[in-house]
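> Any chance you could fold what I've pasted below:
(2 chains)
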Number of protein chains: 2
Amino acid sequence: MKIRKTMEIEPQAVEADGASGAQIRWIISRADGAPNFAMRIFDIQPGGHTPGHSHDWEHEIYVIEGEITGIDGDGEHALVAGDAVFVPGGEHHQFRNDGGAVARMMCLVPNMDD
Amino acid sequence: MKIRKTMEIEPQAVEADGASGAQIRWIISRADGAPNFAMRIFDIQPGGHTPGHSHDWEHEIYVIEGEITGIDGDGEHALVAGDAVFVPGGEHHQFRNDGGAVARMMCLVPNMDD
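Model (predicted):
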């Protein structure tokens, strides 16, 4: 088994248009030999957010810590640690930190280069 | 987005041969429309363990809380909250709770019925 101390992995700024105050750590991916899907952890600073967008692939999300507002076509949804979220492919979505501390969520995606 | 309060999902005993004191919650799966992979959370009671086994598919694991010993052909590995583990397909593995409190880990698998 390959063990990753997740917080020792260097975060990278999320550069996508519409992102602000968001960093990503790639935890498990094809580079580790993962054949089907990838595990990433996002940090979102207070007031920060991921891009509001949609794409063909799904997300499976788990809130690790902090308070996150999930936004979709139905409105705004308060999320806390221990909540999981399924975002189907094609659905518009965004995640925003309205809390006073860094929020952290795992977000898994299918491998997209095959 | 579909939101799951993970601890409100009823756990089921892990009935597999070689499991002891382990429960599983299915958080996101094909039943939710997830097309590629499934999110589950295991609770392992003190002294409990998952089966020691191998199979063709991989695991992507994240320790949510507690102390877990990961066992593979190389020996025993101490895991704590925030650690992630990639278990490639075909590798023998087992997870045991040597701590004094319930341990909890997320374990993701590819969908296996297609």
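> alpha carbons only for contacts and neighbour counts from here, please
Fine.
> Can you give me the pLDDT of the residue nearest to A:Phe95 when sequence neighbours are not counted?
Nearest non-adjacent residue to A:Phe95, counting by Cα to Cα, 6 or more residues apart in numbering or on different chains: A:Gly70, 4.7 Å away. Reading off the per-residue confidence, A:Gly70 sits at a pLDDT of 98.
> State the number of residues packed around A:Gly70.
The local packing count at A:Gly70 equals 20, with neighbours defined by other Cα atoms under 10 Å in any protein chain shown.
> and what of A:Glu67?
Burial of A:Glu67 is recorded as 23 neighbouring residues (other Cα under 10 Å).
> between the longest strand anywhere in chain A and strand B:37-49, how big is the angle?
In chain A, assigned by DSSP state E, the strand with the most residues is strand A:37-49. In this structure, strand A:37-49 runs at an angle of 100 degrees to strand B:37-49, with axes from the mean of the first three to the mean of the last three Cα atoms, to 10 degrees as the basis.
> Please save the CA atoms from strand A:37-49 in PDB.
Output in PDB follows, covering the C-alpha atoms of strand A:37-49 (Å, rounded to 0.1, in the frame of the first residue of the first chain):
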ATOM      1  CA  PHE A  37     -10.400   7.800 -10.300                       C
ATOM      2  CA  ALA A  38      -8.400  10.400  -8.400                       C
ATOM      3  CA  MET A  39      -8.500  11.800  -4.900                       C
ATOM      4  CA  ARG A  40      -7.800  15.500  -4.400                       C
ATOM      5  CA  ILE A  41      -8.200  17.700  -1.300                       C
ATOM      6  CA  PHE A  42      -9.200  21.400  -1.600                       C
ATOM      7  CA  ASP A  43      -8.500  24.100   0.900                       C
ATOM      8  CA  ILE A  44     -10.800  27.100   0.600                       C
ATOM      9  CA  GLN A  45      -9.800  30.300   2.500                       C
ATOM     10  CA  PRO A  46     -12.500  32.300   4.300                       C
ATOM     11  CA  GLY A  47     -14.400  34.200   1.500                       C
ATOM     12  CA  GLY A  48     -12.800  32.000  -1.200                       C
ATOM     13  CA  HIS A  49     -14.500  29.700  -3.600                       C
END
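> just to revisit the earlier point, helix or strand next in line after the host helix or strand of the residue nearest to A:Phe95, which one?
The secondary structure element spanning A:Gly70 is strand A:67-72 (assigned by DSSP states H and E). Beyond strand A:67-72 in the direction of the C-terminus, DSSP H and E gives the next helix or strand as strand A:75-80.
> can you list the weak-confidence ranges in chain A?
Low-confidence segments of chain A, defined by pLDDT under 70, span residues A:113-114.
> So which bits of it are right by chain B?
When proximity is defined by Cα under 8 Å from any Cα of the partner chain, chain A lies next to chain B at A:1-7, A:27-28, A:32-34, A:36-37, A:39, A:58, A:60, A:64, A:72, A:82-88, A:91, A:93, A:110.
> do that again at 7 Å, thanks
A:1-6, A:28, A:36, A:72, A:82-87, A:110 (Cα under 7 Å from any Cα of the partner chain).
> Please identify which pair of these lies farthest apart.
The widest separation within these, taken as Cα to Cα, falls between A:Met1 and A:Asp72 and amounts to 36.8 Å.
> That'll do, ta.
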